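prediction below, plus the sequence it came from.
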Amino acid sequence: MARPAKETLERRDEYNRAQMGMIAACKDWDRQEHRVLIVQGDRKREMIAKSGEILPYGQDSDIMIAITTLFAEAGCPENNTILTSAYAILARAKLPANGQLYRKLPTSLKRLRAAVYTFKQGYWSAARQRWTNDVDDFQFIVRLRFRDTEDFSGEAEIEADAPILIEFSTQFAEQIRKGYVRTVDEKLLGQLKQPTVRALYHFLDSYAVDPESGQRLLSLNFRLTDLYATLGLVGRSDSNFERLRRMYRALIEKKYLADVVLQGSGEALAVTFVFGTNAREADPTLVEALTTEGLVIGVARNLALNHPERVLSGIAYARWYHTEVKIVKNKPALIHDVITNPEKYAREAKTLVAVVTPPPAVPLPDPELELLEAEQELRRERETWFARPASEQVDLLHRKLTLFGAKLTPTQAEALVQGGADTFELQRQVILATARHEERQHVVDAALRQLQGV
């Protein structure tokens, strides 16, 4: 019976850490040391952050969410390490892949690597007139390796497809595996443009669910001075409140918050955040269905929150493919891809429907009519593909071809899209080559040669 109690304590600790403002929700920040102290009666929580760089702030929270999500989607490798790229990180963070952010990314990663945190949870003994503290040191990243380019002025930039190696601390990697790191609502996050607003969203959402019951809360209440310290708002009280007000108004506009209420005065002034209709939580039945199939709980929550309508059909398709087509070594990866890239599997849609809900008996279809329907379906898929923004086409093309074992860098994918290549037909031919057990790379190389006029 001791094990569940330990997991409950670990879960509570991880939520407390997220709630202590490890990444400051402010636009400008130059601190290398920061302390947050919250005392409630005879209980105390304290965070001391130190770094040889500037401590993480603002958009660093988006980068942290992105790399933890990439780690989870990779199956949480046992060596706690992922090999990714700048393009993949920015795409996962829902940030534009432009030169400015490629220049900012190395510094952001360095801040996350250099920050070291000490957490204290204590209680006051009236008899001894002393605090007794549990002390724990923590770090997000223990190793970081990448290649950048530098101009004469010394300004560095990471190339889009240059490899980035990130090794998480054992402690943090275990928390991701156990699902203690929060999943974000990607649709909502994509609507929040300001880094400070996104940081406030990350902070509030870390409090949004009771770690004991798993139920989403209706509202949150903070003493205003504690909130300022936790968010890293370090200025005059009136200017801090104005910055906070701009942030929460943006969340009200997107209906993540329904209202914000102030109560009291002076040191006792408190603020209550009331969650709105867009403050959503993943359906626990969908999460359970995905984890039963072997998906890491963090990935399961992400899929259930952001693609709930595709979860059951995705599982059904993977089961059918695994049983009827060929044995899949990594079925969780197939489930993830089916759910996040449904257009790739549109050709098997009728089979998938048959798996989920057996259709009533009907006469055999007319071959010519079936061919016509297939052509119409293919035309719709093509129109959907090219209706996407160019950046989405680049990301989808790169991920699809990489998944099927073809080598294509994000830079090459972008060149194909910008050069007017028939990228829809390209990814189709790669999928067909895979199904026929033919060489896939020849298809990609031919498209690149054609683009270059060779």
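Received the coordinates, thanks.

hey, where'd the helices end up in the stretch 301-450 of the chain?
According to DSSP state H, counting those that start in this stretch, the stretch 301-450 of the chain carries its helices in the segments 311-320, 331-340, 349-356, 367-387, 390-403, 410-418, 423-435, 441-452.

any idea how far apart the tips of stretch 180-187 sit?
21 Å (C-alpha to C-alpha, to the nearest Å).

chain center to that stretch, what's the gap?
Put simply, stretch 180-187 sits 6 Å off its chain's centre (C-alpha atoms, centre = their mean, to the nearest Å).

next, find the distance separating the residue lying farthest from the centre of the chain from A406.
In the chain, A127 marks the outermost C-alpha relative to the chain mean, sitting 47.0 Å out by C-alpha atoms, centre = their mean. Distance from A127 to A406, counting by C-beta to C-beta, to the nearest Å: 70 Å. In this view, the C-beta of every residue, glycine as well, is placed from N, C-alpha and C.

before we move on, what about Q59?
In terms of C-beta to C-beta, Q59 sits 32 Å off from A406.

and for R379?
25 Å.

now do D134
Applying C-beta to C-beta to D134 and A406 gives a distance of 51 Å.

of these two, which one has the most company?
Under the neighbour definition other C-beta atoms under 10 Å, D134 and A406 were set side by side, and A406 has more, 21 against 11.

show the contacting residues for Q194.
247, 250 (C-beta atoms under 8 Å, 6 or more residues apart in numbering).

can you give me the distance of it to D30?
Taken as C-beta to C-beta, the span from Q194 to D30 is 19 Å.

same check, this time on P284
42 Å.

who's more crowded, the two?
P284 (11 against 7).

for the more buried one, grab phi and psi.
Dihedral pair for P284: phi -60, psi -30, per degrees, to the nearest 10.

distance of it relative to L290?
11 Å.

one more: A304?
Counting by C-beta to C-beta, the gap from A304 to L290 is 6 Å.

any shared contact partners between the two?
By C-beta under 8 Å, 6+ apart, the residues touching both A304 and L290 are V311.

in space, what's closest to T81 - neighbours in sequence excluded?
Once flanking residues are discounted, T81 sits nearest to E167: 4.4 Å by C-beta to C-beta, 6 or more residues apart in numbering.

show me the shaky parts of the stretch 101-250 of the chain.
182, 210-214 (pLDDT under 70).

can you map out the helices along it?
Going by DSSP H, counting those that start in this stretch, the stretch 101-250 of the chain shows helices at 170-177, 186-191, 195-207, 224-231, 237-253.

can I get the fourth one in PDB, CA atoms only?
By that I understand helix 224-231. Extracted in PDB, the C-alpha atoms of helix 224-231 (Å, rounded to 0.1, in the frame of the first residue of the first chain):
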ATOM      1  CA  LEU A 224      -2.000  39.100  -5.300                       C
ATOM      2  CA  THR A 225       1.400  39.600  -3.800                       C
ATOM      3  CA  ASP A 226       2.100  35.800  -4.000                       C
ATOM      4  CA  LEU A 227       0.900  35.800  -7.600                       C
ATOM      5  CA  TYR A 228       3.200  38.600  -8.600                       C
ATOM      6  CA  ALA A 229       6.200  36.800  -7.100                       C
ATOM      7  CA  THR A 230       5.400  33.500  -8.700                       C
ATOM      8  CA  LEU A 231       4.900  35.000 -12.100                       C
END
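
okay, angle between that helix and helix 237-253 too, please.
80 degrees (axes from the mean of the first three to the mean of the last three C-alpha atoms, to 10 degrees).

so which other helices or strands are in contact with helix 224-231?
strand 33-40, helix 195-207, helix 237-253, strand 270-275 (3 or more C-beta pairs under 8 Å, 6 or more residues apart in numbering; DSSP states H and E).

how far away from the center of its chain is it?
Using C-alpha atoms, centre = their mean, the offset of helix 224-231 from its chain centre is 26 Å.

any idea how far K120 is from K27?
K120 is 29 Å from K27, by C-beta to C-beta.

now do the SS call for K44.
Secondary structure, DSSP: H, G, I helix; E, B strand; the rest coil: K44 is strand.

list the contacts for the residue nearest to it when sequence neighbours are not counted?
Residue nearest to K44 in three dimensions, not counting chain neighbours: G122, with 4.3 Å by C-beta to C-beta, 6+ apart. Listed by C-beta under 8 Å, 6+ apart, the contact partners of G122 are 43-46, 131-134.
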